[in-house]
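Trainee: what would the 3D arrangement of this be:
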Amino acid sequence: MQMAQEIKAALERAFEQLGVSIPEGALLEHPSDLKNGDYASGVALRAKVSPYEFARKIVEKLGSIEGVAKVEIAKAGFINFHLAPSALAETVEEARKDAWGRNDANKGKKVMVEYTDPNPFKEFHIGHLMSNAIGESVARLIEFTGAEVKRANYQGDIGLHVAKAVFVKKKNPEIPWGVAYKMGNDLYDAYKNEIDEINRKLYEGNDSVINALQIEGRKDSLAGFEVIYEKLGMEPRTNVEEFRYFDFYFFEKESWYIGKVIVEQNTPQVFQESDGAIVFHGENFDPSLHTRVFITSQGLPTYEAKELGLLKSKIEKDWKFDESITITANEQKEYFKVVLAAAKQIAELSKAAEKTRHITHGMMRFAEGKMSSRTGNVITALALLQDLYDVAKERAKESRAESHEKLAMQVALAAVKYQILRQASNKDIIFDRERALSLEGDSGPYLQYAHARAHGVMEKAHEQNVTAAIDKNAEPTDLSRLLHRFPEAVEYAARELEPHLLTNYLLEFASAFNRWYANEQILDGSSGSPHKVALTDAVRATLRNGLWLLGIPAPEKM
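Mentor: Modelled structure (predicted):
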């Protein structure tokens, strides 16, 4: 990124000498075609005069820029910058350091990222898997920009779904909790009054039998979730055995009352009574919003009220955030807008609401259509991983890996996470198992295989006593030029909070490495071999760090 700053500074000086104000927007971009250079500027295209002539005047004022070999003007008026071999060689050297790809764009900033949010008593389904993959990658990207990140998990451990599970468990103690909710949901229409009564008692908290069942079921569910987080490759955040993978665990059982009080205290100033319920008329504050119920006519808080309680709970943590990011499914987009609009009208929540950003994700779809947690055909995260693992395990038997089982799980994780992260977060995914597991092209295992291939070259170099060494005059290649773009790809993805921007880069980079590998004799005993080994090591480091940012394991042998 240092080179980008140098070129930007030179452009700014040129504009100053020409007596022209600098146009708003990005001064630099990367050409899509590498033959057009390493950086390009379209500032001349915004001029009222001929773009080509204006570009020529800019270039005349640029002078020499250290690290830039040549500057060209395209017919349309783009100014293209080609980096010198020495600058690209320095990038190879930089890439072999542990901090490769990191930057200080958010240094000193505190960011809370809330994601996954599975409901105890229900299955951990593929929707939660999507939220977890996106949230973990977003958290890692922000960490790479120098911010301090805390991961948060908000879980619904009270409400009608709990009452349905408790109803079944109370009558049939031998039935597993994972089955109880499904049965209770099927029986709800027939036993509505009884289940609604259990729900009321859960909120009142004065029935010892129901309370004990709620505690038992929650404990069982949360223990199962922690096992899933481990399988998903999350890194422990604490040493506490019960809750290890998130810094903060929030629960509806605590937030509901806080939210209910906030709503009642701000009625009628912010909220209004309507047919016995308490609502927020969002359209009175923004025409694009709508009315939502925050407390029902039965006096029970809705998800909206609980969300206000959650926001207050976040504020009251000892750790004060500068930004709070929440990741949920698309279907909560409009709901969340209303909640934040309401929070902004409440004195104690307004500042935190302004600091809150909502990211949504689409659905993962299969041939049978949309997944639902209210029916028996829910597709669980573990079932999907197991399916991928079974196929990957058969293929792993042909690998050089020491543990075929470990490699199979790593490949399974890469298969599913990459498919989630390969496109913009708010888009739906049509999951294709064969494509997801393919070692050819657009897949997570393809990136893993490129990393393992680079690692294999480094092992052979060590065996042959070939030491990596930088040649500052080495001829630039597409690979070395793409390598130079990695830190900027990381910063861009972190700034936009879109992992797919990094995924796109890594796919192009891995493809460039595989082409280079196929056409180049790396360990050929020539004087250029040490530099090629250094470049391969830089590739290995880039893919390793890039895969880590996506939450994907980087096996050394495949």
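Trainee: burial measure for Arg495, as a count.
Mentor: A count of neighbours around Arg495, defined by other CB atoms under 10 Å, yields 14. Every residue, glycine included, has its C-beta placed from N, CA and C.
Trainee: leaving out sequence neighbours, find the closest residue to it.
Mentor: Excluding the flanking residues, the one nearest Arg495 by CB to CB, 6 or more residues apart in numbering is Ala105, at 7.1 Å.
Trainee: the one you found belongs to a helix?
Mentor: No: counting by DSSP: H, G, I helix; E, B strand; the rest coil, Ala105 is not found in a helix; it is coil.
Trainee: am I right that it is in contact with Tyr492?
Mentor: No: contact criterion CB atoms under 8 Å: Ala105 and Tyr492 do not qualify, at 10.3 Å.
Trainee: so what does the helix or strand of the chain with the lowest mean pLDDT touch, helix or strand wise?
Mentor: Least confident helix or strand, the chain: strand 364-365 with a mean of 89, by mean pLDDT, DSSP states H and E. Applying 3 or more CB pairs under 8 Å, 6 or more residues apart in numbering; DSSP states H and E, one finds that strand 364-365 makes contact with helix 126-144, strand 429-430.
Trainee: so which of those is nearest Ala69?
Mentor: Ranking these by proximity to Ala69 (CB to CB) places helix 126-144 first, at 29.5 Å.
Trainee: got the CA coordinates for that closest one in CSV?
Mentor: The C-alpha coordinates for helix 126-144 follow below in CSV (Å, rounded to 0.1, in the frame of the first residue of the first chain):
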residue,chain,number,x,y,z
ILE,A,126,-27.6,-23.9,7.9
GLY,A,127,-28.8,-20.3,8.4
HIS,A,128,-26.7,-20.2,11.6
LEU,A,129,-23.9,-21.6,9.6
MET,A,130,-24.1,-18.8,7.1
SER,A,131,-24.2,-16.1,9.9
ASN,A,132,-21.2,-17.8,11.6
ALA,A,133,-19.1,-18.0,8.5
ILE,A,134,-19.8,-14.4,7.5
GLY,A,135,-19.5,-13.0,11.0
GLU,A,136,-16.2,-14.8,11.8
SER,A,137,-14.7,-13.6,8.5
VAL,A,138,-15.8,-10.0,9.1
ALA,A,139,-14.4,-10.1,12.6
ARG,A,140,-11.0,-11.4,11.3
LEU,A,141,-10.9,-8.8,8.6
ILE,A,142,-11.5,-6.0,11.1
GLU,A,143,-8.8,-7.4,13.3
PHE,A,144,-6.4,-7.3,10.4
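Trainee: give me the low-pLDDT residue ranges for this protein?
Mentor: Within the chain, the stretches with pLDDT under 70 are 1, 25-26, 367-377.
Trainee: 80 - rerun?
Mentor: The chain contains residues with pLDDT under 80 at 1, 22-26, 46-48, 239-241, 367-378.
Trainee: how's it carved up into domains?
Mentor: Annotated domains of the chain cover 2-83, 110-361, 381-549 [automatic domain parsing].
Trainee: please enumerate the helices of the stretch 1-150 of the chain.
Mentor: In the stretch 1-150 of the chain, the helices defined using DSSP state H, counting those that start in this stretch lie at 2-18, 51-62, 85-95, 126-144.
Trainee: contacts for the first one?
Mentor: Put plainly, it is helix 2-18. The list of residues contacting helix 2-18 from outside it, by CB atoms under 8 Å, 6 or more residues apart in numbering, reads 21-22, 27-28, 38-39, 41, 43, 57-59, 61-63, 65-68, 81, 83, 87, 484, 488.
Trainee: which residues touch the closest residue to Lys75 other than its chain neighbours?
Mentor: Distances taken as CB to CB, 6+ apart put Tyr52 closest to Lys75, at 6.6 Å, once the chain neighbours are dropped. By CB under 8 Å, 6+ apart, Tyr52 lies in contact with Ala44, Ile73, Lys75, Ala76, Gly77.
Trainee: 10 Å instead?
Mentor: Ala44, Leu45, Ile73, Ala74, Lys75, Ala76, Gly77, Phe78 (CB atoms under 10 Å, 6 or more residues apart in numbering).
Trainee: and the gap between it and Arg46?
Mentor: To Arg46, Tyr52 is 13 Å away according to CB to CB, to the nearest Å.
Trainee: any common contacting residues for those two?
Mentor: Joint contacts of Tyr52 and Arg46 (CB under 10 Å, 6+ apart) are Gly77.
Trainee: and stretch 267-282, how far from the chain's centre?
Mentor: 36 Å (CA atoms, centre = their mean, to the nearest Å).
Trainee: show me which residues of it are buried.
Mentor: Neighbour-count burial for stretch 267-282, counted by 16 or more other CB atoms under 10 Å, picks out Thr267, Val270, Phe271, Ala277, Ile278, Val279, Phe280, His281, Gly282.
Trainee: again, but for stretch 299-313
Mentor: 300-313.
Trainee: narrow the residues you listed to those in helices?
Mentor: With helices taken from DSSP state H, the overlap with the buried residues of stretch 299-313 comprises Tyr303, Glu304, Ala305, Lys306, Glu307, Leu308, Gly309, Leu310, Leu311, Lys312, Ser313.
Trainee: and the second one, how far from Tyr257?
Mentor: As for Glu304, its distance to Tyr257 is 14 Å (criterion: CB to CB).
Trainee: I'd like the distance between the nearest residue to Leu535 once chain neighbours are set aside and Ala99.
Mentor: Leaving aside its sequence neighbours, Leu535 sits nearest to Val92 (CB to CB, 6+ apart; 5.4 Å). Relative to Ala99, Val92 is positioned 15 Å away (CB to CB).
Trainee: neighbour count winner among these two?
Mentor: A side-by-side neighbour count of Val92 and Ala99, using other CB under 10 Å, places Val92 first with 24 against 10.
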